[in-house]
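Novice: Give me a 3D structure for the following:
(one chain, ligands or ions: 1)
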Amino acid sequence: MLLKVYATAILKHSGAIRKYSQCNSNAKMSLEEAKQFAARRAVDEYIKKDCIFGVGSGSTVVYAVQRLAERVETENLKVTCIPTSFQSKQLIIKHKLTLGELETHPVIDVTIDGADEVDAEMTLIKGGGGCLLQEKIVASCSKKFVVIADYTKDSVKLGDRYKKGIPIEVVPMAYVPVQNKIQALYGGEVKLRKAVAKAGPVVTDNGNFILDWIFTDQDLKWDKVDNHLKMIPGVVETGLFVRMCEKAYFGQPEGNVIERFGIGTVL
Ligand SMILES: O=C(CO)[C@H](O)[C@H](O)COP(=O)(O)O
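Specialist: Down below sits the predicted model:
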């Protein structure tokens, strides 16, 4: 009898686990699909002819590069790709696309990049993947800057959905004074980003550290904050992208894509 009860409990438990993991993998699947819908739509709308293309960083951009590679192959497009990180350079090489650099192509027709959060005014938090400096440089050299994201990035105010704070790239020797100054100026908590598969801090593609500022005041004027932070010696760049983005595509779990427009003009 006891054995029977025990066996039934195990069966129920494994059924629940199966159900739970199926549920989890469905959710993960639709998130990946949502990224893919947004990425494909943006590439199809913005790449119409031969051009210079800025390639953002992160998991959503992977789908944009896949789509671009398909179209370069089938439509014989001549696209020169400018990377925003080691990861995006690897993606360009992997898909046998033409690799360029800002030295030879200082003006980019369009850059497509991901974001960690997009607010109602199209202010972005970027740098969750630690690539914010090169991403902002490349965006600033682009005639058009477009964001692709899944529905979880779509927010009203910064901090509504992305809880990891605003990434700030700093020169390593300055990280403690910069941490203290930001906390004294604006409050909240500023944390040194730790590496996952290495002991110690994350080191960016540029040899710097990343601070993540968990802010408490969601009503700050982000353009002022961005400028103010960059006045602190040791701050290289922030992950705040203000008035840079002209359009954001948010892939939805149902397969549609919601679009939001901004006044973003970067060049
Ligand atoms: O800013 C970034 C990297 O520095 C990424 O674009 C951002 O983190 C979004 O990434 P994902 O597409 O993986 O959600």
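
Novice: So the residue nearest to residue 122 when sequence neighbours are not counted versus residue 214, what's the distance?
Specialist: Among residues not flanking residue 122 along the chain, residue 262 sits closest, at 3.2 Å (Cβ to Cβ, 6 or more residues apart in numbering). From N, CA and C alone the C-beta is placed, and that goes for glycine too. Distance of residue 262 to residue 214, computed by Cβ to Cβ, to the nearest Å: 25 Å.

Novice: And the contacts of the strand ranked longest in the chain?
Specialist: Counting by DSSP state E, the longest strand found in the chain is strand 142-150. Applying Cβ atoms under 8 Å, 6 or more residues apart in numbering, the external contacts of strand 142-150 come out as 31, 34-35, 38-39, 42, 46, 54, 56, 60-61, 63-64, 107-115, 118, 124, 139, 244-251, 264, 266-267.

Novice: Around the ligand, which positions in the chain sit nearby?
Specialist: Taking Cβ under 6 Å from any ligand atom as the contact definition, the chain meets the ligand at 56-60, 113-116, 126-132, 135.

Novice: if you set the cut-off to 5 Å instead, what comes out?
Specialist: Contacts of the chain with the ligand, taken as Cβ under 5 Å from any ligand atom, map to 57, 58, 59, 60, 114, 116, 126, 127, 128, 129, 131.

Novice: Ramachandran coordinates for the fifth one?
Specialist: Note on residue 114: its backbone torsions stand at phi -90, psi -180 [degrees, to the nearest 10].

Novice: mind listing what it touches?
Specialist: 56, 57, 58, 59, 60, 61, 126, 129, 147, 148, 149 are the contacts of residue 114 under Cβ under 8 Å, 6+ apart.

Novice: List the ones among those residues that fall in helices.
Specialist: Among the contacts of residue 114, the ones falling in helices (DSSP state H) are 59, 60, 61.

Novice: Make a ChimeraX selection of the buried ones in those residues.
Specialist: Burial among the ones in helices among the contacts of residue 114 is assessed by 16 or more other Cβ atoms under 10 Å; the matching ChimeraX selection reads:
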select :60,61
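
Novice: mind giving me a markdown table with the ones in helices among the contacts of residue 114 and columns for pLDDT?
Specialist: Putting the ones in helices among the contacts of residue 114 into a markdown table (pLDDT from 0 to 100) gives the following:
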| residue | pLDDT |
| --- | --- |
| 59 | 98 |
| 60 | 98 |
| 61 | 98 |
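
Novice: if we can go back for a sec, in the next helix or strand along the chain from the longest strand of the chain, which residues are buried?
Specialist: Using DSSP states H and E, the next helix or strand after strand 142-150 towards the C-terminus is strand 166-170. By 16+ other Cβ under 10 Å, the buried positions in strand 166-170 come out as 166, 167, 168, 169, 170.
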